[in-house]
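Colleague: fold the stuff below for me.
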Amino acid sequence: MTSVIFSTRQVRALLVTAMVSSAVGLVLELLLVTEASYLAGDATLATGVVVGSFLASMGLGAWLTQFIADVQRPHQILLNSLLQVELLLCPLCLVGPLGLFLLFSVDGPLWPAIVVVTVFVGVLSGMELPLITRLLETQQSLRQALAQVLALDYLGSLIGALMFPLILLPWLGLLPTAGLLSVVPICCAGCLCLHFPMLQRWRWPTVCLLPLVALIGSLLGPLGNRIEDSFYADPVISRFQSRFQRIVLTRRRGDLRLYLDGDLQFSSIDEYRYHEALVHPAMSSHARPQRILLLGAGDGLALREILRWPEVDRVDLIELDPAMLRLARRHPQLKALNNGVLNDPRVRVHVGDAFALIRQFVEPYDVVIADFPDPDTIPIARLYSVAFYANLLRLLAPGGTIVTQASTPFFTPRVLASIEASLRELSLVTRPYSHTIPSFGPWGFVLAHRSGEFHPFRPLPFEARWLDAAQLDQIFVFPRDFRPSESDPVLPNRLSRPVLVEYQRQINQL
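Modeller: Residues are numbered from 1 along each chain as shown. Predicted structure coming up:
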């Protein structure tokens, strides 16, 4: 058996490779979770599938390294194996995420492909740490080798976990991030070739491969945009990737449409029917709605309807995503649609998580309007929970009203029923209502108030495009088939048990 003593520089090269590889592996894992959530539309299931498959595959990769051995030349075979792992990660970074986009565009078997890509990435990532540990074990005690490798591995995981949501995703987007990641394993391979003479024969192939990989990686962004365009029926005119969501605007003739993570949020042709139904029943049920709390609705369309009421003195708008607010303020077509209301002096904009921010509010509101996305993930479902509604109730002035959108009751009747049950847990009186929006079909809302404090609907002080006294009466005639069957029990949505995620998943499976 040949004994080889590594220099201090060589040991450092191995440790740096461990840290960088860990960061790349975690970024890849988060990227696949985000892409699977975006394409499949089920963030909770996507997280479970990708994280579970990735961790299990890492264990498989670590187990496989026990069969990599050469009694006569242990260092050379381990170094060559490590180098080959880095080189194999490169095409996976390039082909994997791009392939998922292509498969989705042709309606292929997306979930099996997600699992396959995750397993291959996980196996290779799982092989890196044992290989590096075995190399260092020959130079120092196992205890010291494990301590150093694991410390840098965890540090690399922290770096990757912070870089992806804060820098890579909002600045680059999904596929450009994959393109950048594909270069990193090549650089690690080059670093190993530079420091270890026994890898000399790999130096020129690695040097030649680096610009090729960089070139292909730089094309992933434009290729991804071309593929993404096929997801939408209308031409894409703007696209943005924030740390929270993918924002896409399309337009065909006079129809401007906004999509968040691939889900349609509004069509300019009929958005007024949704926003009039969301805003005006609650506003007209108050004798003098002066202070309004608007949650979500960063596009400014619900705000436009609120400010049509002459009594309104102040509106506090809470929006999670500053990118959505910038789009609503600056994009010419969207700004024309919302009438530039975000610049109205009566509006106070608060950027952040509504669940946390409302705890800081103390002054009462006459009307609270919640316009959150459908509760298909746990972070969103908590904004429909008993605990969240309790905080809203604390801010509700006497005679005040709360209203929330409640998804499509025809396809997901348990969602609306659970929202009602959550509000009733706080002894609120609920009044569900619905009407049809051509772009979405039948849509549901829930209006709630304290017992004995409901004010009869008064006429709108302006002429709306759709809603009038007759329509206001009609929308509260709630169809029987919008209710779940008596044999299908519905629970209130709680932080400790977010049942809305499962209830909402019904529509994702249609």
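
Colleague: neighbours of Val477, how many?
Modeller: By other Cβ atoms under 10 Å, the residues close to Val477 number 8. Every C-beta, even on glycine, is put in place using the N, C-alpha and C of the backbone.

Colleague: next one: Phe101
Modeller: By other Cβ under 10 Å, the residues close to Phe101 number 21.

Colleague: same check, this time on Leu158
Modeller: By other Cβ under 10 Å, the residues close to Leu158 number 13.

Colleague: wait, is Thr250 part of a strand?
Modeller: Yes - counting by DSSP: H, G, I helix; E, B strand; the rest coil, Thr250 is found in a strand.

Colleague: residue contacts, it?
Modeller: Tyr232, Ala233, Asp234, Pro235, Val236, Ile237, Leu256, Arg257, Tyr259 (Cβ atoms under 8 Å, 6 or more residues apart in numbering).

Colleague: please name the nearest non-neighbouring residue to it.
Modeller: Sequence neighbours aside, Asp234 is the residue nearest to Thr250 in space, at 4.0 Å (criterion: Cβ to Cβ, 6 or more residues apart in numbering).

Colleague: that neighbour against Leu249, yeah?
Modeller: No - using Cβ atoms under 8 Å, Asp234 is not in contact with Leu249, being 9.6 Å away.

Colleague: show me whatever sits in contact with both of those two.
Modeller: Common neighbours of Asp234 and Leu249 (criterion: Cβ under 8 Å, 6+ apart): Arg257.

Colleague: of those two, who's got more company?
Modeller: Leu249 (20 against 15).

Colleague: list the contacts of that one.
Modeller: By Cβ under 8 Å, 6+ apart, the residues touching Leu249 are Val236, Ile237, Ser238, Arg239, Leu256, Arg257, Leu258, Tyr259, Leu327, His331, Gln333, Leu334.

Colleague: and the next helix or strand past whichever helix or strand the fifth one is part of?
Modeller: Spelled out, that is Leu256. For Leu256, the host element (DSSP states H and E) is strand 255-260. The C-terminal neighbour of strand 255-260 among helices and strands, as given by DSSP H and E, is strand 263-267.

Colleague: got any ranges where this structure has weak pLDDT?
Modeller: For the chain, the stretches with pLDDT under 70 are 1-4, 70-73, 139-140, 507-510.

Colleague: how is it divided into domains?
Modeller: Using automatic domain parsing, the domain parsing of the chain gives 8-227, 270-508.

Colleague: and Arg243, which of the ones you listed is closest to it?
Modeller: Ranking those by proximity to Arg243 (Cβ to Cβ) places domain 8-227 first, at 4.5 Å.

Colleague: so how far is that closest one from its chain's centroid?
Modeller: Distance, stretch centre to chain centre, for domain 8-227: 23 Å (Cα atoms, centre = their mean, to the nearest Å).

Colleague: ends of that domain, what's the gap?
Modeller: Start and end residues of domain 8-227 are separated by 47 Å (Cα to Cα, to the nearest Å).

Colleague: helix, strand, or coil at the residue nearest to Thr250?
Modeller: Put simply, Asp234 is coil when judged by three-state DSSP.

Colleague: that one: what's it in contact with?
Modeller: Thr250, Arg251, Arg252, Asp255, Arg257.

Colleague: ok, back up a step: adding distance to Ser418 and neighbour count, write the contacts of Leu249 out as CSV.
Modeller: Output for those, formatted as CSV (distance: Cβ to Cβ, whole Å; neighbours: other Cβ atoms under 10 Å):
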residue, distance to Ser418, neighbour count
Val236, 35, 17
Ile237, 37, 14
Ser238, 35, 14
Arg239, 34, 16
Leu256, 33, 21
Arg257, 29, 22
Leu258, 27, 24
Tyr259, 26, 19
Leu327, 31, 21
His331, 35, 19
Gln333, 36, 13
Leu334, 32, 22
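
Colleague: nearest to Leu26 among these?
Modeller: Arg239 (25.8 Å).

Colleague: just to be sure, the closest one is in a helix?
Modeller: No - read with three-state DSSP, Arg239 is strand and lies in no helix.

Colleague: now the contacts of Thr250 as CSV including distance to Pro461?
Modeller: Written out in CSV, the entries for the contacts of Thr250 read as follows (distance: Cβ to Cβ, whole Å):
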residue, distance to Pro461
Tyr232, 38
Ala233, 38
Asp234, 36
Pro235, 39
Val236, 39
Ile237, 36
Leu256, 28
Arg257, 31
Tyr259, 34
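
Colleague: closest one of these to Leu393?
Modeller: Comparing the contacts of Thr250 against Leu393 with Cβ to Cβ places Tyr259 closest, at 32.9 Å.

Colleague: for that closest one, name its beta-bridge partners.
Modeller: Here Tyr259 sits in beta bridges with Val248, Leu264, as judged by DSSP bridges.

Colleague: that one contacts Val236, doesn't it?
Modeller: No - using Cβ under 8 Å, Tyr259 is not in contact with Val236, being 9.1 Å away.

Colleague: any residues in contact with both of those two?
Modeller: Residues touching both Tyr259 and Val236 (Cβ under 8 Å, 6+ apart) are Val248, Leu249, Thr250.

Colleague: Pro176: which of those residues is nearest?
Modeller: Closest to Pro176, out of all of the shared contacts of Tyr259 and Val236 and judged by Cβ to Cβ, is Val248, at 16.0 Å.

Colleague: ok, now which ones touch that closest one?
Modeller: Glu228, Tyr232, Val236, Ser238, Arg239, Phe240, Leu258, Tyr259, Leu260, Gly262.

Colleague: could I get those as CSV with distance to Val312?
Modeller: Below are the contacts of Val248 laid out as CSV (distance: Cβ to Cβ, whole Å):
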residue, distance to Val312
Glu228, 39
Tyr232, 36
Val236, 35
Ser238, 30
Arg239, 34
Phe240, 30
Leu258, 24
Tyr259, 30
Leu260, 27
Gly262, 34
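
Colleague: which one of the residues you listed is nearest to Leu500?
Modeller: Nearest to Leu500, judged by Cβ to Cβ, of the contacts of Val248 is Leu260 at 18.0 Å.

Colleague: quick check: phi and psi at the closest residue to the closest one other than its chain neighbours.
Modeller: Distances taken as Cβ to Cβ, 6+ apart place Gln245 nearest to Leu260, at 5.0 Å, with adjacent residues excluded. Phi and psi for Gln245, reported as degrees, to the nearest 10, are phi -170, psi 170.

Colleague: neighbours of Gln245, how many?
Modeller: Gln245: 20 surrounding residues under other Cβ under 10 Å.

Colleague: relative to Leu212, how far out is it?
Modeller: Gln245 sits at a distance of 33 Å from Leu212 (criterion: Cβ to Cβ, to the nearest Å).
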